[in-house]
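Participant: Fold the following and give me the result.
(2 chains)
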Amino acid sequence: MKDRFNLYRFASPATFYPLAGAMIPYFAAVSVVFGLAGLWLGMLVAPTDFQQGEGYRIIFIHVPASWMSMFIYLVMAFWAAIGLAFNTRLSGMMAQALAPTGALMAFLSLWTGALWGKPMWGTWWVWDARLTSELILLFLYIGYMALTAAIDDARRADKAGGLLLLVGVVNIPIIYFSVKWWNTLHQGSSVNLAKSSMATTMLWGMLLMAMCFWMYSIAVAFMRVRTIMLERERHTDWVKALLAGGEK
Amino acid sequence: MIHWNSFSEFLAMGGYGVYVWGSFGVTALIMAVEPIMVARNQRTTIARLKRQMRAESRADNRTTE
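Facilitator: Residues are numbered from 1 along each chain as shown, chains lettered A, B, ... in the order given. Prediction:
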């Protein structure tokens, strides 16, 4: 039992802290490479859109930011479920580390959406299903951060925040399917498995940018989770040894 | 292979320059500032925890003397 490779070992902050630290530069580097390739394709090579002219190029950040805003929330809800079910220490820290990045992605989705909506629809904002549910997602992120920050005991904060995350997860399919379920100003999805409505260079530019945003989110969340680990585990031997050993 | 004929054409974005660059500018700003702030928070947290640890060990020494 002792010698067997044990996945649970990585769930211990003492093991995960150095592992995350070692992986951050790689995720950051890969994010930059994907970002440069995506910007090259999207901003320099991809053709003009026949309906939206050059204004459509906002898609190269709008869609990745929107995807990440939903995906990060799902990952947080996953950690919340694990934390509530198994009472693991790492899960609450992961959820907390992801929240600010998820909130920023939701904000970027709304911001770039407004800047795209103005020239195409003639308005920065409409209260339709897609936009409103994405705004609610931003509020869920902010609510989660405010709630966990307001509770002093970290484990209780994790439990309360986790419940909020699990209740709020119903919003994700609402965002995703809103363009199908309701009449909305927002266009339907640009990518679909059967046939994509986009030119190949546009599609690749967008997918590369999505990978860039994904790797960026992992890198920043790993950076943030390390700070949370030190803070929460400051009375443990591994943190004391780390600080005494000259961790910068 | 490159879609644009000149740099000014690239900047103008077919008349959508304000919207396109307003989107990319704010995104770039956020994705530059967020990691910097997280890294700074990590450094100040480590410095604070080290101070606390030293203060605690001094207090421990005093009680044992």
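
Participant: Same question for stretch A:149-169: list its buried residues.
Facilitator: A:154, A:157-159, A:161-162, A:164-165, A:168-169 (16 or more other C-beta atoms under 10 Å in any protein chain shown). Heads up, the C-betas are built off the backbone N, CA and C, glycines and all.

Participant: Stretch B:3-19 now?
Facilitator: In stretch B:3-19, counting by 16+ other C-beta under 10 Å, buried: B:10, B:12-14, B:16, B:19.

Participant: And for stretch A:178-193?
Facilitator: A:178-179, A:184, A:186.

Participant: and the buried residues of stretch B:3-19 as JSON lines, adding distance to A:Ala80 and secondary structure?
Facilitator: Below are the buried residues of stretch B:3-19 laid out as JSON lines (distance: C-beta to C-beta, whole Å; DSSP: H, G, I helix; E, B strand; the rest coil):
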{"residue": "B:Phe10", "distance to A:Ala80": "44", "secondary structure": "helix"}
{"residue": "B:Ala12", "distance to A:Ala80": "46", "secondary structure": "helix"}
{"residue": "B:Met13", "distance to A:Ala80": "41", "secondary structure": "helix"}
{"residue": "B:Gly14", "distance to A:Ala80": "45", "secondary structure": "helix"}
{"residue": "B:Tyr16", "distance to A:Ala80": "40", "secondary structure": "coil"}
{"residue": "B:Tyr19", "distance to A:Ala80": "37", "secondary structure": "helix"}
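
Participant: I'd like those residues written out as JSON lines, with pLDDT added.
Facilitator: Putting the buried residues of stretch B:3-19 into JSON lines (pLDDT from 0 to 100) gives the following:
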{"residue": "B:Phe10", "pLDDT": "92"}
{"residue": "B:Ala12", "pLDDT": "89"}
{"residue": "B:Met13", "pLDDT": "91"}
{"residue": "B:Gly14", "pLDDT": "90"}
{"residue": "B:Tyr16", "pLDDT": "93"}
{"residue": "B:Tyr19", "pLDDT": "96"}
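
Participant: Of these, which is the nearest to A:Arg130?
Facilitator: Checking those against A:Arg130 with C-beta to C-beta, the nearest one is B:Tyr19 at 18.6 Å.

Participant: Can you name the residues that contact the closest one?
Facilitator: Contacts for B:Tyr19 (C-beta atoms under 8 Å, 6 or more residues apart in numbering or on different chains) come out as A:55, A:58, A:115-116, A:118-119, B:13.
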